[in-house]
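Student: My questions are about this predicted structure, shown below with the sequence.
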Amino acid sequence: YRRRQMSAASRAAKQKTGVINAEIESGLSGVRTTKAFANEEKQQTRFDGANEIFKTAKRGFHKEMGLFNASMEFFICILSVAVIAVGGWLIMKGQMDYVGLITFSLYITTFISPIRKLANFAEMFSNGFAGLHRFIELMATEPTIQDAPDAVELSQVRGEVELDHVSFTYPGSSEVLHDISLTVAAGETVAIVGPSGGGKSTLCQLVPRFYDVTEGSIRVDGLDVRQVTQRSLRRAIGIVQQDVFLFADTIRENIRYGRPDATDEEVEQAAHRAELLEDIRAMPQGFDTYVGERGAMLSGGQKQRVAIARALATSPKVLLCDEATSALDPTTTLSILALLKELNEKLGVTVVVITHQMNVIEEICHRVAILDHGVIAEQGSVEDIFSHPQTDIGRRLVYPNGVQIDRLPEARVIRIAFNGGSSYEPLIASLAIDCGVKVNILGADTRNIDGKAFGTMLLGLPTDPEEAAKAMAYIKSQPNVTMEEVRDYHG
């Protein structure tokens, strides 16, 4: 009984050891954050709490071990006393002589040593068996995602991705995605945009089958991802995640991790295409530079580019970019966008971009899907979405406000939104030539997509009410232009 109790206590101590190990690892990984917020005392308190849990578990184990050893020692010691007492009583009754008593005493002494060794072995066995039990539990854990018995290899990938009425729910959570239908043709570049928490990153993780969909299906080249082997599926898909993870190894090996059999020349080529080669050459050890735990020795932009190079090293037919340019400066962002455009146009790579940056969409994407609260609110070509957004979330993304006004604003400042007209320049020129009205351009955030104007502009109207009204009437009559009053303009 005591041995079973000691084994149970040992298993509990092993489990609690995992808690304190996790707390130590978390504290070491986040040491910069701890120092940045001067929270050393709070972190020490958290560690002390985890340590107290561990000590409590150890205390229970040592208590059971003490009771076990005390019980064994008590019975071992009482055995000699019992032999002498019973033997003495038998000698007094004449049923035993002293030679027999000495003989029995020698027997007891001979057996005590093996019994003590057996007790020590029982203690070690309990410790070892508890560790073995914990190891077996972990090793017996089956992966949630497994290949189907009749799974086939995904070969000669073209890159078509189809989401057919996909819904997804995390275990123990509410629904994250609901009835998503989206088709990305082979060689097409599609942007998935929307507010944070809308399910964009989750959608990106369903394509390589990091999770299985709750309802619906995802198909690559017409094959359900659940009917192909995970290895062949993920070999065909390159992933650049928002949260970049680098191994504690050299830059070379982190890039080569995408394709372990890649040569040094191929690794260098991938680094060059990811705009990383110059940075690597500036490092003392070049490609053999150690990046540290989770890439701590590199900047955020460098880590992002290593992740991009790692994805490119696999020569994927589908490239998933989850905020791939979020940590890059504008110049490098343009270079990476040019690279993605080249991959798409020259190599036919299908690119799915998750982003909040509208310039990324304008630069490389063919179509846009707006994801809001787990559903696709709107999808269409870049030109259609930018010129005629049909939903509130679409209008907020393209231009926050675009409500027409009919009265003359008191502040004499209006914001006009270009939704796909020919250009803003003829509009301003026509105001001066046709209407004889001059307006002041106070600020502009406009862009040209395929010769059409998109964006917003602040205009200062003339102080003369008649000229201001004439200017507003002319602007209102123009197609693909909306305007609103700016009440809080302070110059």
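Tutor: Perfect, thanks for sending it.

Student: CA only for contacts and neighbour counts going forward, please
Tutor: Fine.

Student: if I look at the residue of the chain most remote from its centre, how far off is Ala85?
Tutor: Here the chain reaches farthest from its C-alpha mean at Gly94, the gap being 86.3 Å by C-alpha atoms, centre = their mean. Distance of Gly94 to Ala85, computed by C-alpha to C-alpha, to the nearest Å: 14 Å.

Student: After the helix or strand that contains Ala22, which helix or strand is next? Please name it.
Tutor: Using DSSP states H and E, Ala22 sits within helix 2-29. Downstream of helix 2-29, the next assigned helix or strand under DSSP H and E is helix 31-36.

Student: Tell me how far that following helix lies from the chain's centre.
Tutor: Computed by C-alpha atoms, centre = their mean, to the nearest Å, the chain-centroid distance of helix 31-36 equals 21 Å.

Student: Let me see the mean pLDDT of it.
Tutor: Helix 31-36 comes out with an average pLDDT of 75.

Student: what does it contact?
Tutor: Outside helix 31-36, the residues within contact range by C-alpha atoms under 8 Å, 6 or more residues apart in numbering are Glu40, Gln43.

Student: Likewise for stretch 98-105?
Tutor: With C-alpha under 8 Å, 6+ apart as the criterion, stretch 98-105 contacts Ser80, Val83, Ile84, Gly87, Gly88, Ile91.

Student: Let's see that with 10 Å instead.
Tutor: Identification of contacts with stretch 98-105 by C-alpha atoms under 10 Å, 6 or more residues apart in numbering yields 79-81, 83-88, 90-91, 106-110.

Student: and Cys435, that's in a strand?
Tutor: No: applying DSSP: H, G, I helix; E, B strand; the rest coil, one finds Cys435 to be coil, outside a strand.

Student: can I assume it is in contact with Tyr474?
Tutor: Yes: between Cys435 and Tyr474 there is a contact under C-alpha atoms under 10 Å: 8.0 Å.

Student: Tell me the buried residues in stretch 370-386?
Tutor: 370-379, 382-383, 385-386 (16 or more other C-alpha atoms under 10 Å).

Student: just to revisit the earlier point, which of the contacts of stretch 98-105 tops the neighbour count?
Tutor: Most neighbours among these, by other C-alpha atoms under 10 Å: Gly87, with 21 neighbours.

Student: contacting residues around that one?
Tutor: Applying C-alpha under 10 Å, 6+ apart, the residues contacting Gly87 are Val81, Lys93, Gln95, Met96, Asp97, Tyr98, Gly100, Leu101, Ile102, Phe104, Ser105.

Student: In ChimeraX, select just the buried ones from these.
Tutor: Only the buried entries of these go into this ChimeraX selection, using 16+ other C-alpha under 10 Å:
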select :101,104,105
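
Student: The contacts of Gly87 into JSON lines, with extra columns for secondary structure?
Tutor: Output for the contacts of Gly87, formatted as JSON lines (three-state DSSP):
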{"residue": "Val81", "secondary structure": "helix"}
{"residue": "Lys93", "secondary structure": "coil"}
{"residue": "Gln95", "secondary structure": "coil"}
{"residue": "Met96", "secondary structure": "coil"}
{"residue": "Asp97", "secondary structure": "coil"}
{"residue": "Tyr98", "secondary structure": "helix"}
{"residue": "Gly100", "secondary structure": "helix"}
{"residue": "Leu101", "secondary structure": "helix"}
{"residue": "Ile102", "secondary structure": "helix"}
{"residue": "Phe104", "secondary structure": "helix"}
{"residue": "Ser105", "secondary structure": "helix"}
